[in-house]
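Colleague: Dropping the sequence and predicted coords here.
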Amino acid sequence: MASYGVRDVRFGSPTRYDDGVLWVDRDELRRLLLRSGDFADVAIEVARPGEAVRLIHVVDAAEPRYKPDGPTDFPGFVGPQRTVGEGRTNRLAGLAVVSVGDAVAGEPTYWREALIDMSGPGADATVFGGTLNLVLAFAPTAKFLDASQPEASIGHTQIGSLVSQRYNRSIRQAQLEAAVYLARTTAGRRPDSTRTYELTPVDPALPRVVYLFQVNGVSIYADDTMLPVPTVMHPNEILDGALINFQANIHAAYRYITYFNQNHAVIDELYARHGVDLNFVAAILYPRGAMQVEKKDMLAEYVVKLMRMLGAQGACSSYTGGGHSAVDFMMICERCERLGIKTVQLMPESYGTPDEPGFVYYVPEAVAIASMGRATQEIGLPAPARVIGGDAFFDLPDAPGADLSVPYRYVFGSCPSTGNGYLVAREY
Amino acid sequence: MAGVRVVHYLNQFFAGIGAEERADAPPGAVTGAVGPGRALAQALGDQGEVVATVYCGDNYFNEQPERATEEVLALIEPYAPALVVVGPAFNAGRYGIACGRIGVAVQERLGVPVVTGMYAENPAVELYRAQLYIVPTGATAATTGAAVQRMAALGLPLARGERPGRPAEAGYLPRGLRFTERSPRSGAARAVDLLVKRLKGEAFETEWPVPAADRVPPPLPIRDLARATIALVTSAGIVPLGNPDRIESTFATRWGKYSLAGRDDLTGAEWEAVHGGYDHTYANQDPDRIVPVDVLRELEARGVIGRLYDSLYVAVGSGASQASARQWAREMAAELTAAGVDGVILTGT
């Protein structure tokens, strides 16, 4: 991974990376993003840390990446379907491409609202308050707003109509095309730093550790169908663009954001300790939660079976947030612990007033939990000077540009179970 | 003397009225500090002044707690304190209960911050720790000096409207309240640290302790099902089409009650699912799948149950806090009990 630090983003022609400044030919980028024909317009803005700007209706964010030696970039979206996670990847560090926009016909919005404040207490609550954000504000063409068309009817009430699924796909496509377009400016240039991610052979006495990744709302190699069974993946694939957010109707605080998959903090930490304190062996991805009890048992057994095949002795385990997911998540912890696999769980605290434990479900074996913060607690967000992304919130009564007091669950990226955030809940 | 106005509450013994034989003493007040209040006054220094001491006999209080609380509040209020210090009660149970009740009443009714002190095993601790700042003390009055020092140190910032630090640092028993704040270290760094400690067999501490499960005793079984009235309750959010009561699909603030009179089943033409946490496709096709009115009518016709109760109780469980769920259940149960319902079938998602 070759990092190219960005200290500012400015509009100008041609698009280039020069002495830490990314110059963007706004018109050229806009024309590129409009090529799909799905957007009436894409407004391109820069939101910098410290500015009195609030982004609303945030959908997803991605880090600009480019693989100069191939075989692909963001397989299935920008480049062809090839395995990623090997070879060289260039990244523009300190910069995020952030997609914002209103909902379309048949798109559920009860969990879709997401904010980023670039200054004030809100900026401290999310990593995105500290990144240079190139904001893409998408406006759909009329065909996506026609609620009378048959494909605008809501099929799956959490994911939404076929129309909204297509539109969301189109947003991710555009976002990732922008990400590659920007990162290509690094071609042929010397990076500020490089880091190698390799599961090298280590002292066999070191404990074998697996990363357990409960996933929801992410596509794997561009396929967004729910995993039928858990699967083993190389952690590098997660870092290198194989996992892309596709569902915006998930709480902003712990929605799986493409940028966080690319910069997966737990994978990063496990790599840092690889060969030192542990032997990082693999990642296991599993779907968020079956709806039937016997399927939950099967899911937990399957995960544990893979753990045993990998000889796992320890695990870091991420939780998607929510109700059903909590049951499967805890069942897996219970079974791992009973087999002697030491499990640490990363959990956003999705529910509860301050005086409640807040668990949907728990087992006595859940003895080591890292808290990602309690998302139901309110944070005061002072009125910004400017709002980008929309004129009205989906489900908050206030005007977007007002002083707000909202639960952390509305703050984009505030309590991620990939461990990228800095919030924690503590007992008083 | 400038500084924070403090009223001190003591029982009859520490107020110097008398020992166990005067435990029936009614509430009273004197100006200034008395007994351990003098150590408190010293600990407050020039930042605070014990303007009055209010006392009550432990038996008087525990035999008529509501009345005694009113009387004690009425004695405290005219002094217009910015802080009320209660006890310390050490390991004395009756005294601890009185301190707890008075402390809570002062906070809620007078809006004045309160500090108290108790031995960790005082039975009043479990009852009041979530509502009051309780400084841990020794078991006996031999530890008074240290106790009032810490009570003063905790109470003065409270009086100024500041939020205390974490229990271990600020010197009070953990109240079981969780607040979100920023850590200097990322969630991943903390998680992997925990993992490495566990792998090395070192001591570690979870950031989010799981509770001990509370056991709810099951009620007695229904004696005669064939004569029983069975009600349907659901947390899966099946409501009349159009959601007339506007029950929210997540983090709901209200529940609904709808008539099943004359209905043999529920159809998607008249009912819909509004719970945000599951896919409604099958529920909307046939809401009986979630609220089995059709099956219960059959059982009614066959005499397996006496009758299906006329009202359907509906909540949306998605995001509901335990406090909300408990509150809704209490309200629903009160109605169901009053209506003579014998049993409930509760359906979820």
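Modeller: That came in fine, so what should we check first? Residues are numbered from 1 along each chain as shown, chains lettered A, B, ... in the order given.
Colleague: Quick check on the residue in chain A positioned nearest to chain B: phi, psi?
Modeller: Closest approach between chain A and chain B, counting by CB to the nearest CB: A:Gly419, at 2.7 Å. No exception for glycine: its C-beta is placed from N, CA and C like everyone else's. Backbone torsions for A:Gly419, taken as degrees, to the nearest 10, come to phi 80, psi 10.
Colleague: Surely it touches B:Ser183?
Modeller: No: assessed by CB atoms under 8 Å, A:Gly419 is found out of contact with B:Ser183, at 11.3 Å.
Colleague: Need the overlap of contacts for the two.
Modeller: B:Arg190 (CB atoms under 8 Å, 6 or more residues apart in numbering or on different chains).
Colleague: between those two, who's got more neighbours?
Modeller: Using other CB atoms under 10 Å in any protein chain shown as the criterion, A:Gly419 and B:Ser183 rank with A:Gly419 on top: 25 against 17.
Colleague: which residues does that one contact?
Modeller: So A:Gly419 contacts A:264-266, A:269, A:318, A:346, A:370, A:372, B:186-191 (CB under 8 Å, 6+ apart).
Colleague: Take the residues you listed and keep only those in strands.
Modeller: A:318, A:346, A:370, A:372 (DSSP state E).
Colleague: Could you pull up phi and psi at the closest residue in space to the second one that isn't next to it in sequence?
Modeller: Put plainly, it is A:Leu346. Setting aside the residues directly before and after it, A:Leu346 is nearest to A:Ser417 in space (CB to CB, 6 or more residues apart in numbering or on different chains), at 4.6 Å. Note on A:Ser417: backbone dihedrals following degrees, to the nearest 10 are phi -80, psi 0.
Colleague: check contacts around A:Ser417.
Modeller: Neighbouring residues of A:Ser417 by CB under 8 Å, 6+ apart: A:214, A:254, A:318-321, A:346-348, A:372, B:187.
Colleague: Spatially central residue in the chain, please.
Modeller: By default, I'm working from chain A. By CA atoms, centre = their mean, chain A has its centre lying nearest to A:Ile257, at 1.3 Å.
Colleague: please go with chain B instead
Modeller: B:Ala130 (6.9 Å).
Colleague: looking at it, it is touching A:Asp355, isn't it?
Modeller: Yes: between B:Ala130 and A:Asp355 a contact is recorded at 5.5 Å, counting by CB under 8 Å.
Colleague: Helices of chain B, start to end?
Modeller: Using DSSP state H, the helices of chain B run over residues B:36-44, B:58-63, B:65-76, B:93-105, B:123-128, B:144-159, B:167-170, B:187-199, B:281-285, B:293-301, B:322-338.
Colleague: Between these, which one is closest to chain A.
Modeller: Nearest of these to chain A, taken as CB to the nearest CB: helix B:187-199 at 2.7 Å.
Colleague: And that closest one, what does it pack against?
Modeller: Applying 3 or more CB pairs under 8 Å, 6 or more residues apart in numbering or on different chains; DSSP states H and E, we find helix B:187-199 packed against helix A:265-273, strand A:314-318, strand A:342-349, strand A:369-374, strand A:423-427.
Colleague: could you dump the ones you listed to a markdown table with mean pLDDT, mean neighbour count and distance to B:Thr347?
Modeller: A markdown table is the format used below for the helices and strands packed on helix B:187-199 (pLDDT from 0 to 100; neighbours: other CB atoms under 10 Å in any protein chain shown; distance: least, CB to CB, whole Å):
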| stretch | mean pLDDT | mean neighbour count | distance to B:Thr347 |
| --- | --- | --- | --- |
| helix A:265-273 | 98 | 22 | 37 |
| strand A:314-318 | 98 | 27 | 30 |
| strand A:342-349 | 98 | 28 | 27 |
| strand A:369-374 | 98 | 29 | 29 |
| strand A:423-427 | 96 | 23 | 32 |
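Colleague: Out of those, which is closest to A:Phe144?
Modeller: strand A:342-349 (31.0 Å; CB to CB).
Colleague: Does anything pack onto that closest one? Which helices or strands?
Modeller: By 3+ CB pairs under 8 Å, 6+ apart, strand A:342-349 packs against strand A:314-318, helix A:324-338, strand A:369-374, helix B:187-199.
Colleague: Go again with 10 Å.
Modeller: For strand A:342-349, the packing partners by 3 or more CB pairs under 10 Å, 6 or more residues apart in numbering or on different chains; DSSP states H and E come out as strand A:208-215, helix A:265-273, strand A:314-318, helix A:324-338, strand A:369-374, strand A:423-427, helix B:187-199.
Colleague: need the residues of the stretch 1-150 of chain B near chain A, please.
Modeller: Residues of the stretch 1-150 of chain B lying close to chain A by CB under 10 Å from any CB of the partner chain are B:130-131, B:133.
Colleague: thinking A:Leu212 is in contact with A:Ser317, fair?
Modeller: Yes: between A:Leu212 and A:Ser317 there is a contact under CB atoms under 10 Å: 4.1 Å.
Colleague: Report the set of residues contacting both of those two.
Modeller: Jointly contacting A:Leu212 and A:Ser317 under the rule CB atoms under 10 Å, 6 or more residues apart in numbering or on different chains are A:266, A:284, A:286, A:303, A:329, A:332-333, A:336, A:341, A:343-346.
Colleague: Alright, that wraps it up for me.
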